[in-house]
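*Asks:* When you get a sec, could you give me coordinates for this:
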Amino acid sequence: MAKILTKEDTKTKKTNKKNTKTTKKKEDTQITTVENEKKSSSSPFEGITKKPKRILIKEQKEIKDLYPYQKEAVEKIFKRLEEMPPNANLLFQLPTGGGKTIIFSEIAKRYIQKYKRKVLILTHRIELSHQTSEVLSSIGISNKIINSEVKQLPNQTPYQCFTALVETLNNRLQENEEFLEDIGLVIVDEAHNNSFRKIFHYFKDVNILGVTATPLSSNKKLPLYQIYNDLIVGESIKSLIEKGYLCDADTYTYEVNLSSLRVGSNGEFTVSSHEQLYTQSVMLNKLIQAYEERALNTKTLIFNAGILTSKAVYEAFSKKGYPIKHLDSTFSDRDRAEVLEWFRNTPNGILTSVSILTQGFDEPAVESIILNRATRSLTLYHQMIGRGSRVWKNKRRFQIIDLGNNLRRFGYWQTEIDWRHVFREPHLYLENRYKDNWDYELEFNYELPPEVRERFVNSSYEAYSVKDKYQEYIKKGIKPSVILEESLHDHYERIIGNASEKEEAYELFELLKDEIKHRLKQYCKCINATDNYYLWQYQQYITKLKKMINNHYDV
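*Replies:* Model (predicted):
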């Protein structure tokens, strides 16, 4: 269960980490061996017209036996693929840490053994390609990584499988559509990412298997059901925890006023608005407070939205004497490797980064995950938390510290989700999530960023609560619309009181737009108005304010 921290809580003495845990400890992981798979005698996939080439399978190696739930997933996926027509696509969902790479590598091996054709595995990061290649090699599948250095493949006979970066392969296929030969199955890792779509038309008569922890498209305008015909849902997070395959989590959330965050064209909170909020001393102090209260002396990952924030976090923790390193995408491979090696070898090490560690990174000893950011992406939410969910030695629990109101947005990480509903009705799912969260954000009063306040030095600044004004005026029998008149006058007085000329007044007017929007949204929520009414009211407000400014300076 999450702990919603109040001001009183933050004044209490720091407690030992062991005493903060309230949930029953799960049993240790049970490693179960499985029998060798029985060879299927059913007919090949329907619709394969190319003459299959003979592919020799190396002597099989085993890195470990599949867990029962993994074996069940392999059987279910392979059976479903056999039933599908050649141009149909299948999506498979399994939580981060559940072993998706092992499962789809086993699928690739079975396919190659049975149909004597080659498999293509697509990734969007080079570290994922290397990770997949290592697993394939460990089970005896000869494979080739197609990266930027691979310009041609004249002799493809030695390879049973290809792992390719989507951007690189797209370039090669644009130059030569027959760059790869005899591909019978395409597997897409992190299939929620829409960057893969541009390559699918090269494989129209081939089954495509997508795998993801969250079957929710990275682009809400391009839902996954447009590409994939069906979804197979794997073991849930809750089930994997109960069976000892994943660690359970204690979640602690610190309330943060996110009203200053802006949403970009991609539907996510912008990096720039994150940087303005999370680099402020009040937020850095809150982060350190949260760490000291809940994660002190644990191996900790801190996720931030921007590089400037991560560097500010590094400086703040360093001044306090804590062992911390910063890592971002500008690091060379060598520097990145050195930082990760330091992190692995430092029991109470802290690593602050941006999104670079959400995929292709595995350090099971991580005990605490700090979300020092807000996100509107369910996928990113699960990816970040998943970095701490691995079972390791005596570790059966980890901690999530939320400094971005993400728990309110997406719920507990362990909570079961109806993935079929998410897959079939993504717009409905997202609308409900965003509406509930926005209602929560509107409970906060908008606070001008410090750099904006500096432009209004001639005006006293007081937080203006539309909600409080509304309740007060309803009790007094005053029309709620008076609130808008007062707010309009307040903005007008602050602008002309700090601008010596019209051009400067319009600069200040632009700086107040976020506050104006927040007040109007609070007002519309109070009167239960529609979105269209809000948009109309906003245009009316802006028009009136501009007219008042013009009248003042044009006299």
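
*Asks:* Which element, helix or strand, includes residue 272?
*Replies:* helix 271-278 (DSSP states H and E).

*Asks:* which is the next helix or strand following that helix?
*Replies:* Next element after helix 271-278 (DSSP H and E): helix 281-294.

*Asks:* what mean pLDDT does that following helix have?
*Replies:* Averaging pLDDT along helix 281-294 gives 96.

*Asks:* Report all helices and strands that it contacts.
*Replies:* In terms of contacts (3 or more CB pairs under 8 Å, 6 or more residues apart in numbering; DSSP states H and E), helix 281-294 is packed against helix 307-319, strand 368-371, strand 397-402. Quick note: C-beta positions are derived from backbone N, CA and C, even for glycine.

*Asks:* Could I get those in JSON lines, plus columns for mean neighbour count, mean pLDDT and distance to residue 266?
*Replies:* Below are the helices and strands packed on helix 281-294 laid out as JSON lines (neighbours: other CB atoms under 10 Å; pLDDT from 0 to 100; distance: least, CB to CB, whole Å):
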{"stretch": "helix 307-319", "mean neighbour count": "19", "mean pLDDT": "98", "distance to residue 266": "18"}
{"stretch": "strand 368-371", "mean neighbour count": "25", "mean pLDDT": "98", "distance to residue 266": "19"}
{"stretch": "strand 397-402", "mean neighbour count": "24", "mean pLDDT": "98", "distance to residue 266": "22"}
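
*Asks:* Show me the beta-bridge partners of the residue lying closest to residue 322 once chain neighbours are set aside.
*Replies:* Using CB to CB, 6 or more residues apart in numbering and skipping the chain neighbours, the partner closest in space to residue 322 is residue 350 (5.9 Å). For residue 350, the beta-bridge partners are residue 300, residue 324 (DSSP bridges).

*Asks:* now the helices and strands packed on helix 281-294 as TSV including distance to residue 189?
*Replies:* Output for the helices and strands packed on helix 281-294, formatted as TSV (distance: least, CB to CB, whole Å):
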stretch	distance to residue 189
helix 307-319	26
strand 368-371	22
strand 397-402	24
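
*Asks:* contacting residues around the residue nearest to residue 322?
*Replies:* 291, 299, 300, 302, 317, 322, 323, 324, 325 (CB atoms under 8 Å, 6 or more residues apart in numbering).

*Asks:* what does residue 286 give?
*Replies:* So residue 286 contacts 254, 256, 403 (CB under 8 Å, 6+ apart).

*Asks:* make it 6 Å
*Replies:* Neighbouring residues of residue 286 by CB atoms under 6 Å, 6 or more residues apart in numbering: there are none.

*Asks:* Roughly how far does it sit from residue 292?
*Replies:* Per CB to CB, to the nearest Å, residue 286 is found 11 Å from residue 292.

*Asks:* packing partners for the longest helix along the chain?
*Replies:* Criterion DSSP state H: the longest helix present in the chain is helix 531-553. In this structure, helix 531-553 makes packing contacts with helix 513-526, judged by 3 or more CB pairs under 6 Å, 6 or more residues apart in numbering; DSSP states H and E.

*Asks:* who's in contact with the helix it packs on?
*Replies:* Taking CB under 6 Å, 6+ apart as the rule, helix 513-526 contacts 259, 442, 446, 466, 467, 470, 487, 534, 537, 538.

*Asks:* could those residues be laid out in JSON lines, adding pLDDT, distance to residue 170 and neighbour count?
*Replies:* Formatted as JSON lines, the contacts of helix 513-526 follow (pLDDT from 0 to 100; distance: CB to CB, whole Å; neighbours: other CB atoms under 10 Å):
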{"residue": "259", "pLDDT": "78", "distance to residue 170": "40", "neighbour count": "19"}
{"residue": "442", "pLDDT": "62", "distance to residue 170": "43", "neighbour count": "19"}
{"residue": "446", "pLDDT": "71", "distance to residue 170": "44", "neighbour count": "21"}
{"residue": "466", "pLDDT": "87", "distance to residue 170": "50", "neighbour count": "24"}
{"residue": "467", "pLDDT": "83", "distance to residue 170": "51", "neighbour count": "16"}
{"residue": "470", "pLDDT": "88", "distance to residue 170": "54", "neighbour count": "19"}
{"residue": "487", "pLDDT": "93", "distance to residue 170": "51", "neighbour count": "21"}
{"residue": "534", "pLDDT": "88", "distance to residue 170": "42", "neighbour count": "16"}
{"residue": "537", "pLDDT": "93", "distance to residue 170": "46", "neighbour count": "18"}
{"residue": "538", "pLDDT": "93", "distance to residue 170": "42", "neighbour count": "16"}
